[in-house]
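Below is the sequence, then the predicted model.
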Amino acid sequence: MIEYRSIRVALLGAGSVGSQVARLLLEHGDELAQRIGARLELVGVAVRDVDARRDVELPRELLTTDAETLILGADVVIELMGGIEPARTLVLQAIGSGADVVTGNKALIAAHGPELFAAAEQVGAQLSYEAAVGGAIPIIRPLRDSLAGDRVERILGIVNGTTNFILDRMDTTGASLEDALATATELGYAEADPTADIGGYDAAQKAAILASLAFHTNVPIEDVHREGITQVSAEQVESARKAGYVVKLLAICERIADAASGEEGVSARVYPALVPRSHPLAAVHGANNAVFVEAAAAGPLMFYGAGAGGVQTASAVLGDLVAIARRHVIGGPGTAESTHAALPVLPIDRITTRYAITLEVADEPGVLATIAHVFADHGVSVEQLEQTVDEVSGRATLVIGTHEASEGALAQTVAALAASPVVVSVASVLRVEGAQ
Ligand SMILES: NC(=O)C1=CN([C@@H]2O[C@H](COP(=O)(O)OP(=O)(O)OC[C@H]3O[C@@H](n4cnc5c(N)ncnc54)[C@H](O)[C@@H]3O)[C@@H](O)[C@H]2O)C=CC1
Ligand SMILES: N[C@@H](CC=O)C(=O)O
Ligand code: NA
């Protein structure tokens, strides 16, 4: 029997993810020790209430309500409490006391990443957060390590399981958003307050993290353009389906070169978009996540799997922990975040993409010409137009697909269409992403 040295691990939070991390650590201690060359010793678990009922029974002697004392003397601290405070203060205290930190807290990394990474770099500590984006899916380490020699051009991600479940259900069963959300809540995917999911806040935090990593630039959460799925209707999903598209909530991170100056910037944004059914992201069903990365040398890559779930997410936490423990065995400082490129983060009106606009119009002569003029007047080029006429109401529905246009030009076009006497209503405006 080999006598391994111990690496002292403190766990903060024993909820869905934390309790599974504790279980895996306790159950697989021997095997992990052989992989690492040192034993991971779980020295304590900080909880709110030691007597609370948990899905996973943990040895009572490990439980404490005193997180601050638990941190002292730990080699690695795992933060799985969620939220900003006290998580931020405890992570800073852990780093200050010489510990490495693993967290799954995307809200914390998106809002306070630079402060936490700077604190870690100052003392040579490692701050790892694979669980923060895409749950179990390896995406942080591939971006940070595997693609470190490449140049990431674009990321299209389905990074929120709840909204993907809702949109998928609307697409496959014709359910309304409200009914699909109720099912997501019943199945335990949605948060108790699902605003973070359906409002796109959770996806925006993940977009900020992905863009920062991919473009070696600090992308603050405030600079991520965010639109949720609350306005997506069953009609939009249905007409997308008929036209060969699916509606997905996308987190998009993109390098953009200014057309005039050639200067480079980055965009990070979250919105529901039409994705062609032939695109790999269209095949991401249920609560799954996928991150589609386009890199200059590697080409397109897709990372797919369980974006949430206690035990699934615990896998990512354990991966970070093992990597840190192996470094402890070898020695040396942690890897600092790379933000050397410091590219400007561009506002939404600097991006260009394609759009699908649905208009209700009067079925009269000259209407098409008037509409075509509105597009031409604002420099937006129409790629395709389909008309269906309701003989009873005498109204026509026009679905207009554009070539790439700027957000600014498109917004002006839509305003002019809404004001036009031949337009009864602008029924839908959706961006189109991932089309060739
Ligand atoms: N559940 C999931 O599928 C995923 C979760 N995450 C992230 O992982 C982290 C943990 O998530 P979950 O386990 O789902 O949350 P959870 O709500 O199930 O667990 C958090 C636990 O921390 C405890 N806690 C909160 N404040 C505390 C304090 N001051 N002292 C001691 N205990 C405290 C709570 O009582 C709760 O038991 C969050 O940051 C979340 O965003 C990331 C990816 C997926
Ligand atoms: N609420 C999130 C959980 C994981 O981050 C989701 O639905 O994806
Ligand atoms: Na991950």
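Perfect, I can see it now. Ligands and ions are numbered 1, 2, ... in the order given.

Near ligand 1, which residues of this structure are found?
13-18, 46-48, 67, 80-82, 86, 104-106, 131, 135, 308-310, 313 (Cβ under 6 Å from any ligand atom). C-beta here means a position set from N, CA and C on the backbone, and glycine is covered the same way.

out of the residues you listed, which are inside helices?
Mapping these onto helices (DSSP state H) picks out Ser16, Val17, Gly18, Ala67, Lys106, Gly310, Thr313.

ok, the third one - how many residues close by?
This points to Gly18. Per other Cβ atoms under 10 Å, the neighbour tally for Gly18 reads 28.

so what's Gly299 up against?
Shown in contact with Gly299 (Cβ atoms under 8 Å, 6 or more residues apart in numbering): no residues.

ok, it to ligand 1 distance?
Distance, Gly299 to ligand 1, using Cβ to the nearest ligand atom, to the nearest Å: 28 Å.

Who does that residue form a beta bridge with?
Counting by DSSP bridges, Gly299 is bridged to Ala295.

Narrow the residues of the chain next to ligand 1 to just the buried residues.
Using 16 or more other Cβ atoms under 10 Å as the burial test, those include 13-14, 16-18, 46-47, 67, 80-82, 104-106, 131, 135, 308-310, 313 as buried.

Can you read off the pLDDT for the residue of the chain found nearest ligand 3?
Residue of the chain nearest ligand 3, by Cβ to the ion: Gly134 (4.0 Å). pLDDT, Gly134: 97.

Quick check, it in contact with Val291.
Yes. Contact criterion Cβ atoms under 8 Å: Gly134 and Val291 qualify, at 5.9 Å.

Centre of this structure to the edge, which residue is at the far end?
For the chain, the largest distance from the centre (Cα atoms, centre = their mean) belongs to Pro365, which lies 46.7 Å off.

secondary structure element for that one?
Here Pro365 sits in a region with no helix or strand, counting by DSSP states H and E.

now it: how far from His340?
In this structure, Pro365 and His340 are 61 Å apart, going by Cβ to Cβ, to the nearest Å.

Quick one: neighbours of Pro138, just the number.
Neighbourhood size, Pro138 [other Cβ under 10 Å]: 17.

secondary structure class for it?
Three-state assignment for Pro138 (DSSP: H, G, I helix; E, B strand; the rest coil): coil.

again, but for Leu213
With three-state DSSP as the criterion, Leu213 reads helix.

Just the pLDDT at the residue nearest to it when sequence neighbours are not counted, thanks.
Setting aside the residues directly before and after it, Leu213 is nearest to Leu143 in space (Cβ to Cβ, 6 or more residues apart in numbering), at 4.5 Å. For Leu143, the pLDDT comes out at 98.

Can you report phi and psi for the residue of the stretch 251-400 of the chain found nearest ligand 2?
Closest residue of the stretch 251-400 of the chain to ligand 2, Cβ to the nearest ligand atom: Ala308 (3.7 Å). The phi/psi pair for Ala308 (degrees, to the nearest 10) reads phi -150, psi 180.

what separates it from His328, distance-wise?
Ala308 is 29 Å from His328, by Cβ to Cβ.

Touching, Gly37 and His328? I think so.
No. If you go by Cβ under 8 Å, Gly37 and His328 don't touch, sitting 9.4 Å apart.

In terms of neighbours, single out the busier of the two.
Neighbours were counted for Gly37 and for His328 using other Cβ under 10 Å; His328 has more, 17 against 14.

Now do the phi/psi pair for that one.
Per-residue torsions, His328: phi -60, psi -40 (degrees, to the nearest 10).

roughly how far apart are it and Leu72?
With Cβ to Cβ as the criterion, His328 and Leu72 are 18 Å apart.

Near ligand 2, which residues of the stretch 101-250 of the chain are found?
Looking at ligand 2, the residues of the stretch 101-250 of the chain close enough under Cβ under 6 Å from any ligand atom are Gly135, Asn160, Gly161, Thr162, Tyr189, Glu191, Asp197, Asp202.

can we see that at 5 Å?
Taking Cβ under 5 Å from any ligand atom as the measure of proximity, the stretch 101-250 of the chain contacts ligand 2 at Asn160, Gly161, Thr162.

Narrow the residues you listed to those that are buried.
If we count by 16+ other Cβ under 10 Å, those have these buried: Asn160, Gly161, Thr162.

Could you find the closest non-adjacent residue to the first one?
With Cβ to Cβ, 6+ apart as the measure, Ala203 is the residue that lies nearest to Asn160, at 4.5 Å, once sequence neighbours are left out.

ok, the one you found - how many residues close by?
Around Ala203 there are 32 residues (other Cβ under 10 Å).

Against which helices or strands is the helix or strand it falls within packed?
Here Ala203 sits within helix 201-215, counting by DSSP H and E. Packing partners of helix 201-215 (3 or more Cβ pairs under 8 Å, 6 or more residues apart in numbering; DSSP states H and E): helix 106-123, strand 152-158, strand 225-226, strand 245-257, strand 264-276.

Please produce CSV containing these, extended by mean pLDDT.
Shown next, in CSV, are these (pLDDT from 0 to 100):
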stretch, mean pLDDT
helix 106-123, 98
strand 152-158, 98
strand 225-226, 98
strand 245-257, 97
strand 264-276, 98
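
out of those, nearest to Gly96?
helix 106-123 (7.2 Å; Cβ to Cβ).

Can you get me the centre-to-centre distance for that closest one and its chain?
Relative to its chain's centre, helix 106-123 lies at 18 Å (Cα atoms, centre = their mean, to the nearest Å).

which bits of the stretch 201-350 of the chain sit near ligand 3?
Ala316 (Cβ under 5 Å from the ion).

In the stretch 201-350 of the chain, which residue sits nearest ligand 1?
For the stretch 201-350 of the chain, Cβ to the nearest ligand atom, closest residue to ligand 1: Ala308, 3.3 Å.

again with the chain
Gly15 (1.7 Å).

What residue in the stretch 1-150 of the chain comes nearest to ligand 2?
Closest approach between the stretch 1-150 of the chain and ligand 2, counting by Cβ to the nearest ligand atom: Gly135, at 5.7 Å.

how about that residue, what does it touch?
Here Gly135 is in contact with Gly161, Asn289, Gly305, Ala306, Gly307, Ala308, Gly309, Gln312, Thr313, Ala316 (criterion: Cβ under 8 Å, 6+ apart).

run the last query once more with 7 Å
By Cβ atoms under 7 Å, 6 or more residues apart in numbering, the contact list for Gly135 reads Asn289, Ala306, Gly307, Ala308, Gly309, Gln312, Thr313, Ala316.

Perfect, I'm done here.
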